[in-house]
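Peer 1: take a look and give me a structure for this.
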Amino acid sequence: MARSALSQESPLILSTWRSSSVLFSWRYRPLPAISTLTGEPPPPLKADPDMFMIMCALPLILLMCGFPLFLVLLATVTSAIVFLGSMPPTAVPQIMFSSIGQFSLLAVPFFIFAGELMGRGGMARRLVRLPIALFSGVRGATPITAVGATTLYGSISGSTAATVAAIGPIFYPQLRQKGYDEKFSAGLITCAGYLDNIIPPSIAMILYCVAAEQSVVKLFYAGIIPGIVLAIIMAFYIFGYAWLKQIDAGSRPQIKEILIAFKEGFWAIMMPVIVFGGIYGGMFTPTEAAGIACVYAIVVTMFVHRELQWRDFWKVAISSMYLTSQVFLIVALAGVFSWILTTSGLAGSAVAAIGDLNLPSWAILIVINLFLLAVGCVIDTASAILVLTPLLLPIAKHMNVDPIHFGIIMVTNLSIGTFTPPFGINIFVAQSIFDFPLKSIYRGLVPFILVAILGLAVITFVPTLSLWLLAK
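Peer 2: Just a heads-up that it's a prediction; the model follows:
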């Protein structure tokens, strides 16, 4: 798993990473080959139906009760070790270090840090001005621009909730001013930005690749066309709504306004251009792109826009370190969770049970989609990916679903869950910021959820959308 991730990086960084990992050379071994201190491999773990039920139900129940994810995984792993009995204690820390010792995970703290700098340094505010000026003459331009701006910002910040909090206050007053009612405006602000997990670069995609042992670059490429398709479907709905209501007809764009917006937002716009262009142009890897995004954000916010001082820089760094430590602790425990499922044969037993149902593949995919939609509205995306990927990916492989395509399906489902009532996290973020009545948010979200599910169905049953670029 670590080798596949490392093979995508530049030779210089690769050699540096290997040199710094001499003391932890065991992290390059496959997880099932982990041995005890005596050098003997641990005895094989025995599959047990009761254990499988515990490892499926316990984390979901604890998460829905509000326990932090690291405690949920710790409780589940501890229960499994006690129940199975044959797992050597020395295997646990080795698996934990092996799980976080992957080069591709270095992109996560960099993207978190870059997103924090964008939010606090004013880059997010400047980022939205140019598309507003450019599309001011299009019917429904304001909400369409809101979706595009939140997608650009969210792809760097890595959090749909943070995107709603940062971009929502900019667009909500404009939506109301253009004639959109509270229900539509609340629904749009709440769901806007869910595409940020699908259009790369995406922290959710990186975590899926870590859990599924897949290529980050391949999943990034796979997300481009599905993300565009979802955005187009959303734009068509918004255009139709504005046309039926005869609102937001817009006015002819003024060249002067466009030039002013371009001048003010130039440095903010160049950040996603550099990141996306560098990755897709083959100039640098996702990990290197994340590092470049951080350096660029520091230079722009501190020396160009001058909205951050050194004391603010350290506050951003501390906040980013706090979030990163949470992610890495969760990844480490999720690695043990995944290893137990794999080596004990529990995942294989689940695949066999699904096969015994004699359901067609399309029916199983529908069941998986419904399950993920339900999970996504009560559990955050990163947590659900790390917990459910080891359980669901073997089933997808059994149905001959490409792991990369399944990653797009999974990320899309869980992203929709972030604004699905009654417990979608974005709902409560929007409600706390704007003091919306929950009733208005729920009603406003219904059409957006239906539109998103329509796009999900297209992505699920047309795998070419995800895999076409990979075949080129």
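Peer 1: distance check, the nearest residue in space to residue 283 that is not next to it in sequence against residue 256.
Peer 2: Nearest residue to residue 283 in three dimensions, chain neighbours excluded: residue 277, at 7.7 Å (Cβ to Cβ, 6 or more residues apart in numbering). For every residue, glycine as well, the C-beta is placed using N, CA and C. For residue 277, the distance to residue 256 (Cβ to Cβ, to the nearest Å) stands at 28 Å.
Peer 1: do the same with residue 67
Peer 2: Where residue 256 is concerned, residue 67 sits at a distance of 55 Å (Cβ to Cβ).
Peer 1: now do residue 431
Peer 2: Distance of residue 431 to residue 256, computed by Cβ to Cβ: 38 Å.
Peer 1: and residue 67 and residue 256? Which one has more around it.
Peer 2: A direct count of neighbours by other Cβ atoms under 10 Å for residue 67 and residue 256 places residue 67 higher, at 15 against 9.
Peer 1: sec struct for that one, please.
Peer 2: The three-state label given to residue 67 by DSSP: H, G, I helix; E, B strand; the rest coil is coil.
Peer 1: any idea how far it is from residue 79?
Peer 2: Distance from residue 67 to residue 79, by Cβ to Cβ: 14 Å.
Peer 1: can you check residue 288 too?
Peer 2: Where residue 79 is concerned, residue 288 sits at a distance of 40 Å (Cβ to Cβ).
Peer 1: using PDB, write out every CA atom in the helix or strand hosting residue 442.
Peer 2: Using DSSP states H and E, the element containing residue 442 is helix 438-461. Listed next in PDB are the C-alpha coordinates belonging to helix 438-461 (Å, rounded to 0.1, in the frame of the first residue of the first chain):
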ATOM      1  CA  LEU A 438     -35.200  24.300  10.400                       C
ATOM      2  CA  LYS A 439     -38.500  23.900   8.800                       C
ATOM      3  CA  SER A 440     -37.500  26.300   6.000                       C
ATOM      4  CA  ILE A 441     -34.200  24.600   5.500                       C
ATOM      5  CA  TYR A 442     -35.800  21.200   5.300                       C
ATOM      6  CA  ARG A 443     -38.400  22.400   2.700                       C
ATOM      7  CA  GLY A 444     -35.800  24.200   0.700                       C
ATOM      8  CA  LEU A 445     -33.500  21.200   0.600                       C
ATOM      9  CA  VAL A 446     -36.000  18.800  -0.900                       C
ATOM     10  CA  PRO A 447     -35.500  19.800  -4.600                       C
ATOM     11  CA  PHE A 448     -31.700  20.000  -4.200                       C
ATOM     12  CA  ILE A 449     -31.600  16.500  -2.700                       C
ATOM     13  CA  LEU A 450     -33.700  15.100  -5.500                       C
ATOM     14  CA  VAL A 451     -31.400  16.800  -8.100                       C
ATOM     15  CA  ALA A 452     -28.300  15.400  -6.400                       C
ATOM     16  CA  ILE A 453     -29.800  11.900  -6.200                       C
ATOM     17  CA  LEU A 454     -30.600  12.100  -9.900                       C
ATOM     18  CA  GLY A 455     -26.900  12.900 -10.600                       C
ATOM     19  CA  LEU A 456     -25.800  10.100  -8.200                       C
ATOM     20  CA  ALA A 457     -27.900   7.600 -10.200                       C
ATOM     21  CA  VAL A 458     -26.300   8.700 -13.400                       C
ATOM     22  CA  ILE A 459     -22.800   8.300 -11.900                       C
ATOM     23  CA  THR A 460     -23.500   5.000 -10.400                       C
ATOM     24  CA  PHE A 461     -24.900   3.200 -13.500                       C
END
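Peer 1: use 865 as the first number from now on
Peer 2: In the new numbering, first residue 865, that becomes helix 1302-1325.
Peer 1: on the C-terminal side of it, identify the next helix or strand.
Peer 2: Per DSSP H and E, the first helix or strand lying C-terminal to helix 1302-1325 is helix 1328-1331.
Peer 1: how about the CA coordinates for that next one, as PDB?
Peer 2: What follows is helix 1328-1331 as a C-alpha-only set of coordinates in PDB (Å, rounded to 0.1, in the frame of the first residue of the first chain):
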ATOM      1  CA  THR A1328     -17.700   5.400 -18.100                       C
ATOM      2  CA  LEU A1329     -18.100   8.900 -16.600                       C
ATOM      3  CA  SER A1330     -15.600   7.900 -13.800                       C
ATOM      4  CA  LEU A1331     -13.200   5.700 -15.900                       C
END
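Peer 1: contacting residues around that helix?
Peer 2: Residues outside helix 1328-1331 that contact it (Cβ atoms under 8 Å, 6 or more residues apart in numbering): 1086, 1087, 1089, 1090, 1093, 1266, 1268, 1269, 1272, 1322, 1323.
Peer 1: pLDDT on it, on average?
Peer 2: Mean pLDDT, computed over helix 1328-1331, is 92.
Peer 1: between residue 1152 and residue 943, which one's more packed in?
Peer 2: residue 1152 (18 against 14).
Peer 1: which of the three states applies to the more buried one?
Peer 2: helix.
Peer 1: pLDDT at it, what is it?
Peer 2: 85.
Peer 1: so how far is residue 1183 from residue 985?
Peer 2: 13 Å.
Peer 1: how far is stretch 1318-1327 from where the chain is centred?
Peer 2: On the basis of Cα atoms, centre = their mean, to the nearest Å, stretch 1318-1327 sits 18 Å off its chain's mean C-alpha point.
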